[in-house]
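**Q** I'll drop the sequence and a predicted model, then ask my questions.
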Amino acid sequence: MDDTLDPELANVEKNVTIIKVSQSSNGDFKTVNDVVKSIPTSNTQRTIVWIGGGVYVEKVKIDSTKPFVIFYESLNNMPMLSFDGTTAKCGTIDSATLIVEANYFMLILESGVGIISFGLL
């Protein structure tokens, strides 16, 4: 088995952007959707979206043109993404609160003990 990193991914990891979402005044954006909209189409760098605590009532979709995104959250100040979509209102697929179509998406939860990571390649 080849232990080398995918060349496309290795190149992306050289340039990292961190964007902070916070409902208070200490973030770059107040909504997760505004951050996703700010990520360029055909994104070519790792984009870490640090999501501060609070309830974010919004439906979020990361389409296939915005790869290499990480949602980073702290269990000590846990954010909650919520949307009232139901299958009756939106259909089965579109009732999800978070839809990820992009490659190389990760969700990282930081706790006092360590990091829990979930990824889609």
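**A** Now that the structure is in, tell me what you want to look at. Everything numeric here is computed off the predicted structure, so don't read it as measured data.
**Q** from Ser64, how far out is the residue lying closest to Ser24 once chain neighbours are set aside?
**A** Nearest residue to Ser24, sequence neighbours excluded (CB to CB, 6 or more residues apart in numbering): Gly52, at 7.2 Å. Quick note: C-beta positions are derived from backbone N, CA and C, even for glycine. Per CB to CB, to the nearest Å, Gly52 is found 27 Å from Ser64.
**Q** ok, those two, which is more surrounded?
**A** Neighbours of Gly52 and Ser64, each counted by other CB atoms under 10 Å, are more numerous for Gly52; the result is 18 against 9.
**Q** what's near enough to touch that one?
**A** Applying CB atoms under 8 Å, 6 or more residues apart in numbering to Gly52 gives the contacts 20-24, 26-27, 77, 79.
**Q** buried residues in the helix or strand hosting Glu8, which are they?
**A** Per DSSP states H and E, Glu8 falls inside helix 7-12. For helix 7-12, burial by neighbour count (16 or more other CB atoms under 10 Å) applies to Val12.
**Q** start the count at 644, not 1, going forward
**A** OK, 644 is where the count begins now, so the last one is helix 650-655.
**Q** tally of neighbours for Glu753?
**A** Quick note: Glu753 (other CB under 10 Å) scores 16 neighbours.
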